[in-house]
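In: Okay, predicted coordinates and the sequence, questions at the end:
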Amino acid sequence: MKTALLFGASGLVGSHLLNQLIKDTNYSKIKLFVRSVTEIIDPKVEIIKTDFNNLQNHKEDFKGDDCFFCIGTTKKNSSDKDEYRRVELDIPKEIAKIAKSNSVNSFIFVSALYANPKSSGDYVRFKGLVEEELKELKSQLENAQKTGKVRAPTSDESIDAWAKKYPEIAGIVETIAEKKAQEKFKYADERLQQIDKINADAQRTKAENEIRAMHGDFDDLRGSDAFHDWAAEQPKWVQDALYENQDDPQSVIRVIDLFKVDKGMDTKGRRQNSKDAASQVRTKRTTKPDNDNPAGHLRESEVQRMSTQEYESKSDEIMEAIRSGKFIYDVSGGRRF
């Protein structure tokens with residue numbers, strides 16, 4: 001889809017052309033350059049308030065595929081001869097040069113019948129002079145390329161002089177350079193994102209392998225609705241460790257420990273962590289502290305006071321108490337942490 005640049009849309013020719021461009025499906029955008037802001041008549045139209053006395057300020061706006069120039073006046077409407085010349089000759093020439101430097105594909109100029117640069121009449125003479133200027137702009141780069149007379153600057157000091165000598169070519173080179181630079185920056189950014197992803201994937205794989213080494217059923221648990229339903233009922237630190245800090249394998253291992261303790265699953269090989277799990281897991285059981293300490297029941301406070309050796313020797317008894325509902329949460333009350 002193309003972008004059209006339109007000057008002079010308020011005139012007879014320009015207004016009809018605008019309607020045709022709006023209907024033309026080849027154009028997705030129409031840049032409308034106007035002296036004063038007008039109401040946008042179609043989503044395709046972009047209104048650009050233009051200072052025609054300082055057209056270089058709009059160089060970035062003069063970018064697109066096809067430029068249509070329909071601005072014109074008459075001596076009746078412009079009694080000042082200098083202003084008449086500016087509108088009919090100077091403005092179209094300057095816009096054409098800027099458009100060419102921006103690599104606009106075509107410049108369509110509404111001229112006049114019998115346009116002649118040597119005419120005694122100002123109107124057809126100015127139109128003829130613009131036509132000559134446009135032809136010169138078109139052939140300037142072509143001739144330079146064919147004859148090989150244009151030589152690239154050989155030093156930083158000669159760049160400014162070269163640009164002044166060949167302004168239109170310099171403008172084209174600048175536009176191409178900007179485009180190429182943007183492409184390179186985009187490519188570099190994409191490569192950095194790819195590298196970041198590769199590093200993140202490698203870190204994630206390493207962390208998952210550590211978890212699998214401690215919990216061989218990690219992949220099954222990860223796809224288990226029961227595991228995630230359980231996690232949804234746990235304290236925020238448990239959920240954060242599982243979902244927000246997945247590259248920390250020890251945090252995930254800890255959560256799986258808690259889950260298995262609460263569900264009475266086999267924790268063989270992970271008993272060294274079960275003591276903390278017994279006191280921190282969120283349980284659905286409603287066992288309450290009992291001052292009489294019924295036979296066969298264990299208290300959370302008792303487990304916390306055990307030495308590591310004592311805990312490991314009684315780990316089966318502790319796990320059985322948790323599974324059978326005979327574990328009394330006299331410290332936490334079974335609340336979430």
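Out: Done, it's in. These numbers were taken from a predicted model, which means no experiment stands behind them. Numbering: from 1, shown residues only.
In: for this protein, what's the longest helix?
Out: Longest helix of the chain, by residue count under DSSP state H: helix 167-214.
In: can you tell me which residues contact residue 110?
Out: 8, 13, 68-70, 72 (Cβ atoms under 8 Å, 6 or more residues apart in numbering). Just so you know, the C-beta spots here come from the backbone N, C-alpha and C atoms, and that holds for glycine as well.
In: would you turn the residues you listed into a markdown table with secondary structure?
Out: Formatted as a markdown table, these follow (DSSP: H, G, I helix; E, B strand; the rest coil):
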| residue | secondary structure |
| --- | --- |
| 8 | coil |
| 13 | helix |
| 68 | strand |
| 69 | strand |
| 70 | coil |
| 72 | coil |
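In: returning to what we had before: give me the average confidence score over the longest helix of the chain.
Out: Mean per-residue pLDDT for helix 167-214: 79.
In: buried stuff in the helix or strand immediately after it in the chain?
Out: Using DSSP states H and E, the helix or strand that follows helix 167-214 in sequence is helix 218-222. Burial within helix 218-222, assessed by neighbour count using 16 or more other Cβ atoms under 10 Å, is assigned to 218, 221.
In: contacting residues around helix 218-222?
Out: 208, 211-212, 215, 227, 256, 259.
In: If we use 10 Å, what do you get?
Out: Under the contact criterion Cβ atoms under 10 Å, 6 or more residues apart in numbering, helix 218-222 has outside partners 208-212, 215, 227-228, 230, 242, 249, 252-253, 255-256, 259-260, 265.
In: Could you export stretch 191-209 as CSV, CA atoms only?
Out: Provided in CSV are the C-alpha atoms of stretch 191-209 (Å, rounded to 0.1, in the frame of the first residue of the first chain):
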residue,chain,number,x,y,z
ARG,A,191,19.6,-10.6,17.8
LEU,A,192,19.9,-9.4,21.4
GLN,A,193,16.4,-10.5,22.1
GLN,A,194,17.2,-13.9,20.6
ILE,A,195,20.4,-14.2,22.7
ASP,A,196,18.4,-13.2,25.9
LYS,A,197,15.9,-15.9,25.1
ILE,A,198,18.6,-18.5,24.5
ASN,A,199,20.2,-17.6,27.8
ALA,A,200,16.9,-17.6,29.6
ASP,A,201,16.0,-21.0,28.1
ALA,A,202,19.3,-22.4,29.1
GLN,A,203,18.9,-21.1,32.7
ARG,A,204,15.4,-22.5,32.8
THR,A,205,16.5,-25.9,31.5
LYS,A,206,19.3,-26.0,34.2
ALA,A,207,16.8,-25.2,36.9
GLU,A,208,14.3,-27.8,35.8
ASN,A,209,17.0,-30.5,35.7
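In: Okay, buried residues for that stretch please.
Out: Buried residues in stretch 191-209 (16+ other Cβ under 10 Å): 207-208.
In: And the closest residue to residue 46 other than its chain neighbours, how far from residue 126?
Out: Nearest non-adjacent residue to residue 46, counting by Cβ to Cβ, 6 or more residues apart in numbering: residue 31, 5.1 Å away. Distance of residue 31 to residue 126, computed by Cβ to Cβ, to the nearest Å: 25 Å.
In: Who has more neighbours out of those two?
Out: Each of residue 31 and residue 126 has its neighbours counted (other Cβ atoms under 10 Å); residue 126 has more, 23 against 20.
In: burial count for residue 162?
Out: The burial count for residue 162: 18, using other Cβ under 10 Å.
In: Wait, it touches residue 170, no?
Out: Yes - using Cβ atoms under 10 Å, residue 162 is in contact with residue 170, at 6.9 Å.
In: Check which residues of the strand or helix carrying residue 91 are buried.
Out: Per DSSP H and E, residue 91 falls inside helix 91-101. Neighbour counts over helix 91-101 (16+ other Cβ under 10 Å) mark 91-93, 95-101 as buried.
In: Toward the C-terminus, what is the element adjacent to it?
Out: strand 106-109.
In: Moving C-terminal from the least confident helix or strand in the chain by mean pLDDT, which element do we reach first?
Out: Using mean pLDDT, DSSP states H and E, helix 274-280 stands out as the lowest-scoring helix or strand of the chain, at a mean of 47. Sequence order places strand 298-299 as the next helix or strand after helix 274-280, per DSSP H and E.
In: Listing partners with orientation, what would you give for that following strand?
Out: strand 327-328 (parallel) (DSSP bridges).
In: hang on, residue 33 is in a helix, isn't it?
Out: No - read with three-state DSSP, residue 33 is strand and lies in no helix.
In: Would you confirm that it contacts residue 99?
Out: No - between residue 33 and residue 99 there is no contact under Cβ under 10 Å: 11.2 Å.
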